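**Student:** sequence unknown, structure follows:
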């Protein structure tokens, strides 16, 4: 099995067309087809069902595709690792993070990293912890900032706790203060409040809803489905209150009233994750060090 054959196989699997795949990998279509047939002979199974104008993966092709993508991703990582050996003057870091962490934690750290290593490209992927874990597992990310506990714990990932962050309640200064005007608010005080709620799959949504149910009530949503910026905008407009990380509330406090949660409060644990079977590239390890030492 040759590396080039896997490249051609993935190109056809993604394009579902031999000619377009050949254009993508810059090779003549007959040569690409010959390499695919050679790969099928070696594996002893057809990888594609070839109907006129319709290319689909066989069961064998479906099984090979994620493995081939990981092999190609690991090879790409290895290539960049070698390139980075010249004093980190060039290279890249592929970092995933949840939207709230991109807004709250990362800007200052990434600025410091960029100032120290201006030749390193920073490729950022925004997503929920579940999506980021999947991208790490398939080799598409070097590092990811995720919220613990992971939705699907995996021994294939190594996680290092980074920080434990308090959550607070934000509201519009023009609206009545949640909890009857007290300086702190308890989770049971949110019963009867209209909540501005994040989209499904958002870590803060799951944490807030679980806390309300543990307090014995079902939360009432004024509006739901947004990302962090949208949620804060809806709160500023007076549509309701939201539970957000203190770091976000501090950085985005203009036009918001911030009310702490009374003890024991609500918290979330942020961790830095990477694959256990492959060490992150050198530039990623340096960013990891800066995050852990922040």
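**Tutor:** Yep, that arrived. A quick note: this is a predicted structure, and the numbers were derived from the prediction, not measured.

**Student:** scan this structure for its longest strand.
**Tutor:** In the chain, taking DSSP state E as the definition, the longest strand is strand 157-171.

**Student:** check which residues of that strand are buried.
**Tutor:** 157, 158, 159, 162, 163, 165, 167, 168, 169, 170, 171 (16 or more other Cβ atoms under 10 Å). All C-beta spots, glycine's among them, are computed from the backbone N, C-alpha and C.

**Student:** list the contacts for the fourth one?
**Tutor:** By Cβ atoms under 8 Å, 6 or more residues apart in numbering, the contact set of residue 162 is 145, 270, 271, 272, 291, 292.

**Student:** before we move on, the earlier item: what strands line up against the longest strand of the chain, and which way round?
**Tutor:** Paired with strand 157-171 in the same sheet, following DSSP bridges, are strand 242-245 (antiparallel), strand 257-260 (antiparallel), strand 267-275 (antiparallel).

**Student:** list the contacts of the first one.
**Tutor:** For strand 242-245, contacts defined as Cβ under 8 Å, 6+ apart pick out 100, 104, 165-171, 190, 195-197, 204, 207-208, 211, 228, 231-232, 234-235, 261, 266, 268.

**Student:** now restrict those to buried residues only.
**Tutor:** Buried among the contacts of strand 242-245 by 16+ other Cβ under 10 Å: 100, 104, 165, 167-171, 190, 195-197, 204, 207-208, 211, 228, 231-232, 234-235, 261, 266, 268.

**Student:** sort out for me which of these are in helices.
**Tutor:** 100, 104, 204, 207, 208, 211, 228, 231, 232, 234, 235 (DSSP state H).

**Student:** and stretch 237-256, which residues are buried?
**Tutor:** Quick answer for stretch 237-256 (16+ other Cβ under 10 Å): 239-249, 252, 256.

**Student:** with distance to residue 51 and pLDDT as extra columns, can I get the residues you listed in TSV?
**Tutor:** Formatted as TSV, the buried residues of stretch 237-256 follow (distance: Cβ to Cβ, whole Å; pLDDT from 0 to 100):
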residue	distance to residue 51	pLDDT
239	52	95
240	53	95
241	56	96
242	51	96
243	53	96
244	52	94
245	52	92
246	57	91
247	54	87
248	52	87
249	56	89
252	54	78
256	58	92
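
**Student:** which of those sit farthest apart?
**Tutor:** 239 and 247 (22.6 Å; Cβ to Cβ).

**Student:** closest to residue 116 out of the ones in helices among the buried ones among the contacts of strand 242-245?
**Tutor:** So of these, ranked by how close each gets to residue 116 (Cβ to Cβ), first place is residue 104, at 21.3 Å.
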